[in-house]
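**Student:** All I have is the shape, not the residue letters:
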């Protein structure tokens, strides 16, 4: 196999598998195709068992990032890593969509802990295990400047994640060449997104807003993650790579504007 990406034989930790629709699953599949050795970290023993059934030979660790002892145990069990993928996020939308100013403090802080601080915490714990030129890639969202009401408090949390990537890159540069970047996708069809109130309508709008008029695929996001993990992207650090099929440039698409202003023509 032509190892253009330079990932063959290298250890990469992928944290955040939920099911076969998750970004973590697709990243792991692409890494295996590239010849890398994938090590998984999942939140619960139940998910470990589910993933083990799908990948009987995989090395899978349980690590609930809300528990410091489990983070330390994970770090102690790992070999040297060439890469680490942080695909972990959580928000409690069980109460339905609420105005942002009605966000409960405990909901916001827990979302921040799991979705953002876990990157900082894991990076610190894994530092002795990261190769001097390792690459760390987090999963963000395409924009935190657009206030999607149904996404609610996770928007500011993801904005904090973007900032954390930059500050970690600077912090690690003091004594390593470890790089930190994020891949920030547009709307995807995943199980996690299905829990967001009103997500289907947003997803269908996003599909029409892309320049190609077809939805972003999770595999396309995974491919961008692999590029940032690869030595081929060695000059990229402290950056957010937006992968949205042009959605962010196209809100004034002629067809979308016409349907919003002259709906009777589509009746």
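**Tutor:** Noted; the coordinates are in hand. Just so it is clear, the model here is predicted, and its values are computed rather than measured.
**Student:** Next secondary structure element downstream of the helix or strand bottoming out on mean pLDDT in the chain?
**Tutor:** Among the helical and strand segments of the chain, the one scoring lowest on mean pLDDT, DSSP states H and E is helix 191-194, with a mean of 75. Going down the chain from helix 191-194, the next helix or strand is helix 199-209, by DSSP states H and E.
**Student:** So which bits of that next one are buried?
**Tutor:** 199, 202-203, 206-207, 209 (16 or more other Cβ atoms under 10 Å). Where you see a C-beta, it was placed from the backbone N, CA and C, and this is true even at glycine.
**Student:** Which positions within the very next helix or strand once past that helix qualify as buried?
**Tutor:** Using DSSP H and E, the helix or strand that follows helix 199-209 towards the C-terminus is helix 218-229. For helix 218-229, a neighbour-count test (16+ other Cβ under 10 Å) marks 218, 220-222, 224-229 as buried.
**Student:** could I get the residues you listed as a markdown table with pLDDT?
**Tutor:** Shown next, in a markdown table, are the buried residues of helix 218-229 (pLDDT from 0 to 100):
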| residue | pLDDT |
| --- | --- |
| 218 | 97 |
| 220 | 98 |
| 221 | 98 |
| 222 | 98 |
| 224 | 98 |
| 225 | 98 |
| 226 | 98 |
| 227 | 98 |
| 228 | 98 |
| 229 | 98 |
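**Student:** for those, which one is nearest residue 80?
**Tutor:** For the buried residues of helix 218-229, the residue nearest residue 80 by Cβ to Cβ is residue 229; the value is 14.7 Å.
**Student:** Residue 213 versus the closest residue to the closest one other than its chain neighbours, what's the distance?
**Tutor:** The spatially closest residue to residue 229, leaving aside those adjacent along the chain, is residue 83, at 4.2 Å (Cβ to Cβ, 6 or more residues apart in numbering). Distance, residue 83 to residue 213, using Cβ to Cβ, to the nearest Å: 34 Å.
**Student:** These two: who's more crowded?
**Tutor:** Taking neighbours as other Cβ atoms under 10 Å, residue 83 and residue 213 compare with residue 83 leading, 27 against 12.
**Student:** can I assume that one is in contact with residue 5?
**Tutor:** No. With contact defined as Cβ atoms under 8 Å, residue 83 and residue 5 do not form a contacting pair (10.8 Å).
**Student:** Would you mind listing the residues touching both of those two?
**Tutor:** Residues touching both residue 83 and residue 5 by Cβ atoms under 8 Å, 6 or more residues apart in numbering: residue 229.
**Student:** Just the element for residue 169, please.
**Tutor:** Residue 169 belongs to helix 154-172, assigned by DSSP H and E.
**Student:** Give me the contact list for that helix.
**Tutor:** Residues outside helix 154-172 that contact it (Cβ under 8 Å, 6+ apart) are 89, 91, 108, 111-112, 115-117, 119-120, 123, 127, 136, 138, 140-141, 144, 147-148, 178-182, 184, 237-238, 240.
**Student:** Remind me what whichever strand or helix holds residue 108 packs against, helices and strands.
**Tutor:** Taking DSSP H and E as the definition, one finds residue 108 inside helix 105-112. Contacts defined by 3 or more Cβ pairs under 8 Å, 6 or more residues apart in numbering; DSSP states H and E place helix 105-112 against helix 154-172.
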